[in-house]
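*Asks:* Make a model of this:
(2 chains)
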2 protein chains.
Amino acid sequence: MNEGLLVVISGASGTGKGTVCKRLFELEKNITFSVSATTRPPRQGEVDGVNYWFLSKQKFEEMIEKGEFLEWAKVYDNYYGTPLGKVEERLKNGEDILLEIDTQGALNVMEKMPQGVFIFLLPPSLEELKRRIVGRGTENQESLEKRLGAAKMEISLANKYQYVVVNDDVENAAENIKAIIKAEKSKTERNLKLLEEVI
Amino acid sequence: MNEGLLVVISGASGTGKGTVCKRLFELEKNITFSVSATTRPPRQGEVDGVNYWFLSKQKFEEMIEKGEFLEWAKVYDNYYGTPLGKVEERLKNGEDILLEIDTQGALNVMEKMPQGVFIFLLPPSLEELKRRIVGRGTENQESLEKRLGAAKMEISLANKYQYVVVNDDVENAAENIKAIIKAEKSKTERNLKLLEEVI
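*Replies:* As a prediction, this is how the structure comes out:
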């Protein structure tokens, strides 16, 4: 059995990563989200190992020191991160894992797991991105400018990814990502065992 | 507009390249065969530039000397080859081109057009390949052994290709190649202009 694929989807905020990933899960039953670890307390109904791995702050910081996260971030007072061991275990079992993370996190994953598949989701244009952010109606002029500036910076990192997919249409974008996953499974370097078996 | 893709499909004889390519053309309307050049005389109904480019021996040999073939071979008294200029012209027009060639030809194309997409079609196993060749009923024991030996040699070149696709089932194999073509169009290095446009 081949190892599973680690698929990393990233892109500027407002590009629609969440919607595209949701559609991808419908198209591609064999891929699942990685479960993140966090130090925030569980909310009602949340199950350890399903919604999150709930860790104490001490445990989380120990794991950071030991390099046991693929990537992590501190948001206000809480830590969030992707435990390396859990991901490796599931990949070895042949499961495909999707990580939807920001560009900073993705750069860290590229270092730790270069065998991953790195996809950057692009807005059709900056004007369209602006329109989408304005459409949400949650931004004033100042924060809008700030977000667009940040988006531009993030998009300038797209050339570090193996693939760029334009989210002009959710269905198209999800189909493109599905094709990328299928194609990556045919990459020669992921099939060396198969080649040996045939010969 | 992005350049078209040059898709090279290769594999040991008996693997079913022809059948898979035929199915691929049904699934993928945007890709067409490259038109080969040959020095053999046209048969009834064959049209220059459609079935083949029909060239004189002198012209063909001139083109070989000038390096104007992506790959070429001499079969008995006739030359066959893929004219580089015609391929480049169509790629620039955004057309995708399929080349179904043997491993020797493919190695030459890798040198001349490394931006191509190189796919090696594998039989499920050597036993299955043997069964298929025997099934054709055209081989005696000696030539069967010879063909299997040649196949093994060809398959040992598979690791020079970017992708390997198992032809366990024509539909699966064609779908895999279709996904590879779709994914390759999302490769970052093929979309640098797009990235510039977005930013």
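
*Asks:* So in chain A, where's the weakest helix or strand by average pLDDT?
*Replies:* helix A:126-136 (a mean of 81; mean pLDDT, DSSP states H and E).

*Asks:* chain center to that helix: distance?
*Replies:* 22 Å (Cα atoms, centre = their mean, to the nearest Å).

*Asks:* immediately after that helix, which helix or strand?
*Replies:* helix A:141-155 (DSSP states H and E).

*Asks:* quick one, that next one and helix A:126-136 angle?
*Replies:* 140 degrees (axes from the mean of the first three to the mean of the last three Cα atoms, to 10 degrees).

*Asks:* Just checking helix A:141-155 against chain B, any contact.
*Replies:* Yes. Using Cβ under 8 Å from any Cβ of the partner chain, helix A:141-155 reaches chain B at A:152, A:155. Just so you know, the C-beta spots here come from the backbone N, C-alpha and C atoms, and that holds for glycine as well.

*Asks:* which residues touch that helix?
*Replies:* Under the contact criterion Cβ atoms under 8 Å, 6 or more residues apart in numbering or on different chains, helix A:141-155 has outside partners A:11-15, A:102-103, A:120, A:122-123, A:126, A:129-130, A:133-134, A:139, B:195, B:198-199.

*Asks:* pLDDT averaged over stretch A:78-93, what's the number?
*Replies:* Averaged over stretch A:78-93, pLDDT sits at 93.

*Asks:* Quick one: residues contacting residue A:50.
*Replies:* So residue A:50 contacts residue A:35 (Cβ under 8 Å, 6+ apart).

*Asks:* before we move on, the earlier item: could you list every helix and strand in contact with the least confident helix or strand of chain A?
*Replies:* Here helix A:126-136 touches helix A:141-155, going by 3 or more Cβ pairs under 8 Å, 6 or more residues apart in numbering or on different chains; DSSP states H and E.

*Asks:* Break down chain A into its strands, ranges please.
*Replies:* A:6-10, A:31-33, A:37-38, A:53-54, A:69-75, A:78-83, A:96-100, A:117-122, A:163-166 (DSSP state E).

*Asks:* As JSON lines, the ones you listed with mean neighbour count and distance to chain B would be great.
*Replies:* Output for the strands of chain A, formatted as JSON lines (neighbours: other Cβ atoms under 10 Å in any protein chain shown; distance: least, Cβ to the nearest Cβ, whole Å):
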{"stretch": "strand A:6-10", "mean neighbour count": "25", "distance to chain B": "12"}
{"stretch": "strand A:31-33", "mean neighbour count": "15", "distance to chain B": "14"}
{"stretch": "strand A:37-38", "mean neighbour count": "21", "distance to chain B": "30"}
{"stretch": "strand A:53-54", "mean neighbour count": "17", "distance to chain B": "32"}
{"stretch": "strand A:69-75", "mean neighbour count": "18", "distance to chain B": "20"}
{"stretch": "strand A:78-83", "mean neighbour count": "20", "distance to chain B": "23"}
{"stretch": "strand A:96-100", "mean neighbour count": "21", "distance to chain B": "14"}
{"stretch": "strand A:117-122", "mean neighbour count": "25", "distance to chain B": "6"}
{"stretch": "strand A:163-166", "mean neighbour count": "24", "distance to chain B": "4"}
